[in-house]
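Student: Just need the structure, nothing else, for what follows:
(chains A, B and C)
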Amino acid sequence: MSAPWKRRARLRQWVNVAVVVVICIVALFPIFWGLSTSLKPASDILEYPPKLIPTAPTLEHYRQLFSTGILKYIVNSTIVSTFTVVLCVVLAALAGYALARFEFRGKAIVLFLIVAVMSIPLPSLMVPTFTFLALLGLNNTLLGLILLYTAYQLPLAVWVLYGYFQTIPTEFENAAMIDGYSRLQALRRVVLPLSRPGLIAAGLFTLTFAWNDFVVAVVMNSSDDARTLPVAIYNYLGFFGREWGPLTAAAMVSIVPVILVFIIFQKYFLSGMTGGGVKG
Amino acid sequence: MHINPRSSWYPYRFVLPVLAIEILFVGVPLIIGVYYSLHKADYFQLTEFVGLQNYWTVINSPVVRESLAATAIFSIFSLVITFGVGLALALYLERDTRLHVFTRAVVLVPYTIAMLVGSLLLKWIFTKDAGIMYLVLGPLGVPDISVLSDPTSAMAALVYNAVWRDSAFAMILLMAGLKGINGQLYAAARVDGASAWYRFRRITLPLLRVPILITLIRLLIHFVNVLTFALILTGGGPNNATQTMGLAMYRMGFVDFRLGPANALAFLVLLFNLVLIFILLRLFRQKRVAG
Amino acid sequence: MRKSLVRLVSRTLLAVLATALPLSAFAQTVVTMWTFLDPAKTSGREVALKAMIDSFEKANPGIKVKVEPQVFSELTPKFLAANNTGAAPDIVWVNTDSMGALIKSGAAADLNELFLKSWSKEQDADFFVRAGWDASLAHGKRYAVPLFFATTSLFYRKDQFKEAGIDPASIKTWDQLVEAATKLTKDNDKDGRIDIWGFGTPLSTERVGGTTAFTSMLIAGGKVWDNCKPNYASDVGVRSVQLHVDMINKYHVMPKEVIANNVDDIVDQFVAGRYAIATMPFARYSTVQTQAKWGADNLGVLPWPAWSADKVGPQQVQGWWAAVWAKSKHPKEAGQFLEWMINPDAVRAWAITGGQVPTRMSVWKEPAMRAPKYDYMKAVVDGWAANGFMVPTECNTARFDADWNQAVQRVIVGGKTAKEAMQEAEKSFLSRQ
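Tutor: Numbers count the residues shown, from 1 in each chain, chains lettered A, B, ... in the order given. This is a model prediction of the structure:
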């Protein structure tokens, strides 16, 4: 009697693998095409009929990237993204916590403001922001970008964490506060560790935006020293033509760090309350 | 959740930094932008005050009306499908097996690649004369059609671009919500003999209410405002079929240099977004009363 | 009280810092320039620019030129925005589409005052593309000087022509072009999918860049614009739209997909060997040669056909100009560098190192330019000299060519007639003025 049961289990395994394969193909085919293109010599990129796998793979586009100074832009983007994520998640945790735990006058207004800010179309803010940043002397600086990105991503981060904190019972931090911890300490030591999936989600969205934004960066910064990676990528859509080779190579380079970060932080993206009963 | 703080100002200290940054870096430019919208502001030069004339021009513009239709179609389809795919993926990949963790990273790649590049690559694939789609799908019997030159299929391609990229967003958000649900609840329900569908409807969905709401609202705003997909994948065509409001606004301001009407349109889009959100919130509140 | 004191102190500190830094550099004047070229890179034009900067700085030890490369499509919007905040560069490059915006915004300085008034008549006349030279002229003031010109050309495959037995010199009218295109459209492997199309032109409304097929047709019938009032729904205009529609629907020499293709797509497809004739920016000539697998020698340039055999097809003048910011702190030095960038040595560098068609007739006439590798430029030079045409810079000409492409799309996909579509295009143009 165990044989059919085993067969069904194996069938389910195969179905799982098949589904994953389909997901991979759909999600990754365009990326794969970009990768393939980035490894083809310039004269092969546009050949017709197209070939999926390069017949004469080359690293010339990647070499070109690094010899024309893409490292500087990667560093700039890294600085901006890191500071933005840290600033944004910290501030959002504070605000989200207050919204989840306290009742106070103006709470509805704060929530409304958050949603309203998310609804503003970014391009429409660019020219006024440019003027305003110039007044503050923050044009052409990485700090300016950090502050802007934080401002644009805080609403979502606050809301995500607000929603997440609401699911965590207050018993834990109450117990900590009875034991003598201040509320902030309780937040840091008790609530945050339980909120890792929410923190990772908020951090990931902020990181992706800050790392990939082009619209804001191209307007606010003009000098080469303050240039970020996405602007450098966009430059390959030049006046004298579209250079697929360096363009796709730069795009491939830009994917790697974010995916790496996500893989590293995956181990925190686990069920917060697996395996244990509710304490106390 | 009512905890009386030590002083009535205490909660504000938590919220103040966020408010300060938003007011400074979003509020001030927004006000400046509205100020522009009340003037003739061609070539970024503020000239005469024209009151609500820019708003009138925008509302009466046939191009804007067309873009409203295109935006509506694009947003609704993208929202429904992206949410559906995201929820399915979140449920399917929730357990932390190695295969699932790998697949999550795979699904995330389209989201982490710059929108510009993703749309460029997809456009290349959809271009009939480049032959890539035919190379892959032809052997499966799919005919060689020109996706981008027909308004309906171009819109479908645009929606595909949105779903392809943003399902990961929905998946991550919903999965974070799923992971916050205490596993004990499911165990208890299973002991009581509840079916998988029952567990989903009575435990999962209610506890996912807030992440679902956040996902829907965020996705909707995103689709209404986004311009990159339309700009790169279809250029707004053919025949303006895919010119969304975000794209129309961008062109008005940054290509035609008519900053007055562009900002007026932006403000109207903002109001439009708020109305949509209000509607969504209303729907959710009703559900709670009924459930 | 204390808050205002703190503010006062911090503002003073900032002011001191702000003035201290430039004071320390007072020995050298720094002229900033926004362009899409990057002197640190290796293309011909960029090498030429770098050499120009080096030689200028050597000849003018007190002046340093600092280039800040920008994304080309954002050059003008950013400059206009920066004009308001006081942080614009001393020199900015503008292209055809933005010239009108530059003039109307008042952000450019009058170059007559800066250096042109001391030029002789011969120097002025040396710039033989008059339409391009005068493009920045408004109310007696001159706001920019041309660095290099561009145009849209008809590229064709010499090998395909030979195979089909067509003599390129025989194509003088649009009808003859269509006839040739019919012969050139082929399905070689008989699988029901066309392998090579006779004609291609970008008809998308985004990144249009290369569609002067229309200008050529419209100009033949008279004035396209009359004091910024468009005259598209004329006989010739309607015929132009109809020609594009027919090339797709009636003669089947052009794929319907071109309505979704922008200039980059058409170039890609031409390089891939999918078109026998295609319109594209002339500047892409050398890129196409290097990238094409069908042989660099097989690339040719056709002169633009006309509606009737006795007329010459007009050639549009596009390009890049350089202007000085009206509120620049170093207008004199900026003007000096501008003048340097268009002196005969510089024009020669743009031509020989940079591969551009020279803007000065004196340079074009030099023996170095008689080398066979510059033969392809001759068609363009002759075209400009004979019948050069530039869009009016006193109007807002943003997306004027996108309007025409939109008209074709309206007919093919939207079921309108060519006349209705062109009337709509007129309205679009007017709405931007």
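Student: now the strands for the stretch 1-150 of chain C?
Tutor: Secondary structure of the stretch 1-150 of chain C (DSSP state E, counting those that start in this stretch): strands at C:29-35, C:63-69, C:91-95, C:137-138, C:141-142, C:145-150.
Student: can you check chain A too?
Tutor: For chain A, the strands defined by DSSP state E occupy A:237-238, A:241-242.
Student: how about the strands of the stretch 1-150 of chain C in TSV, adding mean pLDDT, mean neighbour count and distance to residue B:229?
Tutor: Where C-beta positions appear, they are placed from N, C-alpha and C, glycine not excepted. Formatted as TSV, the strands of the stretch 1-150 of chain C follow (pLDDT from 0 to 100; neighbours: other C-beta atoms under 10 Å in any protein chain shown; distance: least, C-beta to C-beta, whole Å):
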stretch	mean pLDDT	mean neighbour count	distance to residue B:229
strand C:29-35	94	21	29
strand C:63-69	93	19	27
strand C:91-95	94	24	26
strand C:137-138	87	16	39
strand C:141-142	91	18	42
strand C:145-150	91	23	30
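Student: before we move on, the earlier item: out of the strands of chain A, flag the one nearest chain C.
Tutor: strand A:241-242 (4.2 Å; C-beta to the nearest C-beta).
Student: contacting residues for the residue of the stretch 151-291 of chain B found nearest chain A?
Tutor: Relative to chain A, the nearest point of the stretch 151-291 of chain B is residue B:266 (3.1 Å; C-beta to the nearest C-beta). The contact partners of residue B:266, taken as C-beta atoms under 8 Å, 6 or more residues apart in numbering or on different chains, are A:120, A:121, A:123, A:124, B:33, B:37, B:249.
Student: Please apply the same query to residue A:120.
Tutor: B:26, B:30, B:266, B:270.
Student: if you set the cut-off to 10 Å instead, what comes out?
Tutor: Shown in contact with residue A:120 (C-beta atoms under 10 Å, 6 or more residues apart in numbering or on different chains): A:152, A:155, B:26-27, B:29-30, B:33, B:221, B:225, B:266-267, B:269-270, B:273-274.
Student: what about it, distance to residue C:72?
Tutor: As for residue A:120, its distance to residue C:72 is 28 Å (criterion: C-beta to C-beta, to the nearest Å).
Student: thinking again about what came up before, may I see the strands of the stretch 1-150 of chain C organised as JSON lines, with distance to residue A:96 added?
Tutor: Formatted as JSON lines, the strands of the stretch 1-150 of chain C follow (distance: least, C-beta to C-beta, whole Å):
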{"stretch": "strand C:29-35", "distance to residue A:96": "42"}
{"stretch": "strand C:63-69", "distance to residue A:96": "40"}
{"stretch": "strand C:91-95", "distance to residue A:96": "45"}
{"stretch": "strand C:137-138", "distance to residue A:96": "56"}
{"stretch": "strand C:141-142", "distance to residue A:96": "58"}
{"stretch": "strand C:145-150", "distance to residue A:96": "54"}
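Student: Quick one, which of these gets closest to residue B:177.
Tutor: strand C:63-69 (44.9 Å; C-beta to C-beta).
Student: Give the partner strands of that closest one in its sheet and their orientations.
Tutor: Strands that pair with strand C:63-69, judged by DSSP bridges, come out as strand C:29-35 (parallel).
Student: Strand C:91-95 and the partner strand, what's the angle between them?
Tutor: Using axes from the mean of the first three to the mean of the last three C-alpha atoms, to 10 degrees, the inter-axis angle of strand C:29-35 relative to strand C:91-95 is 20 degrees.
Student: Tell me who's in contact with the residue most central in space within chain A.
Tutor: Chain A has residue A:208 as the residue nearest its centroid, 2.2 Å off, counting by C-alpha atoms, centre = their mean. Applying C-beta under 10 Å, 6+ apart to residue A:208 gives the contacts A:81, A:85, A:153, A:258, A:261-262, B:108, B:111-115, B:168-169, B:172.
Student: so what's the residue in the stretch 51-200 of chain B that chain C sits nearest to closest to, chain neighbours aside?
Tutor: Residue nearest to chain C within the stretch 51-200 of chain B: residue B:148 (3.6 Å; C-beta to the nearest C-beta). Distances taken as C-beta to C-beta, 6 or more residues apart in numbering or on different chains place residue C:260 nearest to residue B:148, at 3.6 Å, with adjacent residues excluded.
Student: Might one say that that neighbour is in contact with residue B:147?
Tutor: Yes: with contact defined as C-beta atoms under 10 Å, residue C:260 reaches residue B:147; the gap is 8.4 Å.
Student: tally of neighbours for residue B:51?
Tutor: Neighbour count of residue B:51, defined by other C-beta atoms under 10 Å in any protein chain shown: 10.
Student: tally of neighbours for the spatially closest residue to residue B:160 that is not a sequence neighbour?
Tutor: Closest residue to residue B:160 apart from its sequence neighbours, by C-beta to C-beta, 6+ apart: residue B:122 at 7.6 Å. For residue B:122, the count of nearby residues is 25 (other C-beta under 10 Å).
Student: Next up, the contacts around residue B:122.
Tutor: Going by C-beta under 10 Å, 6+ apart, residue B:122 touches A:29-30, A:33, B:110, B:133, B:147, B:157-158, B:160-161, B:164-165, B:229, B:232-233.
Student: per-residue pLDDT, the residue nearest to residue A:30 when sequence neighbours are not counted?
Tutor: The shortest distance from residue A:30 to any non-neighbouring residue, by C-beta to C-beta, 6+ apart, is to residue B:121 (4.2 Å). Residue B:121 carries a pLDDT score of 94 in this model.
Student: mind checking how far residue B:121 is from residue C:270?
Tutor: Going from residue B:121 to residue C:270 by C-beta to C-beta gives 21 Å.
Student: Also residue B:61?
Tutor: For residue B:61, the distance to residue C:270 - C-beta to C-beta - is 36 Å.
Student: quick one: what helix or strand has residue C:351 in it?
Tutor: Per DSSP states H and E, residue C:351 falls inside helix C:344-352.
Student: contacts for that helix?
Tutor: The contact list for helix C:344-352 (C-beta under 10 Å, 6+ apart) reads C:44-45, C:47-52, C:55-56, C:123, C:126-127, C:146-148, C:339-343, C:354, C:356-360, C:362-364, C:366, C:368-369, C:371, C:374, C:377.
Student: Can you say which of those residues are buried?
Tutor: C:44-45, C:47-52, C:56, C:126-127, C:146-148, C:339-342, C:354, C:356-360, C:362-364, C:369, C:374, C:377 (16 or more other C-beta atoms under 10 Å in any protein chain shown).
Student: follow-up on the earlier one: which one (most neighbours) among the contacts of residue A:120?
Tutor: residue B:266 (29 neighbours).
Student: State the pLDDT value of that one.
Tutor: pLDDT recorded at residue B:266 is 93.
Student: Identify the residue nearest it in space, chain neighbours excluded?
Tutor: Among residues not flanking residue B:266 along the chain, residue A:124 sits closest, at 3.1 Å (C-beta to C-beta, 6+ apart).
Student: how about the helices of the stretch 201-350 of chain C, start to end?
Tutor: For the stretch 201-350 of chain C, the helices defined by DSSP state H, counting those that start in this stretch occupy C:213-219, C:235-249, C:263-271, C:285-291, C:331-341, C:344-352.
Student: So which elements touch the longest one?
Tutor: Helices and strands touching helix C:235-249, by 3 or more C-beta pairs under 10 Å, 6 or more residues apart in numbering or on different chains; DSSP states H and E, are helix C:174-184, strand C:197-200, helix C:213-219, helix C:400-412, helix C:418-431.
Student: how about CSV for these, with mean pLDDT and mean neighbour count added?
Tutor: Output for those, formatted as CSV (pLDDT from 0 to 100; neighbours: other C-beta atoms under 10 Å in any protein chain shown):
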stretch, mean pLDDT, mean neighbour count
helix C:174-184, 94, 19
strand C:197-200, 94, 27
helix C:213-219, 73, 24
helix C:400-412, 92, 26
helix C:418-431, 93, 20
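Student: Chain A: which of the ones you listed is closest?
Tutor: strand C:197-200 (12.0 Å).
Student: and the closest one, what does it pack onto?
Tutor: Checked by 3+ C-beta pairs under 10 Å, 6+ apart, strand C:197-200 has strand C:152-157, helix C:174-184, helix C:235-249, helix C:263-271, strand C:275-281 packed alongside it.
Student: Much appreciated, bye for now.
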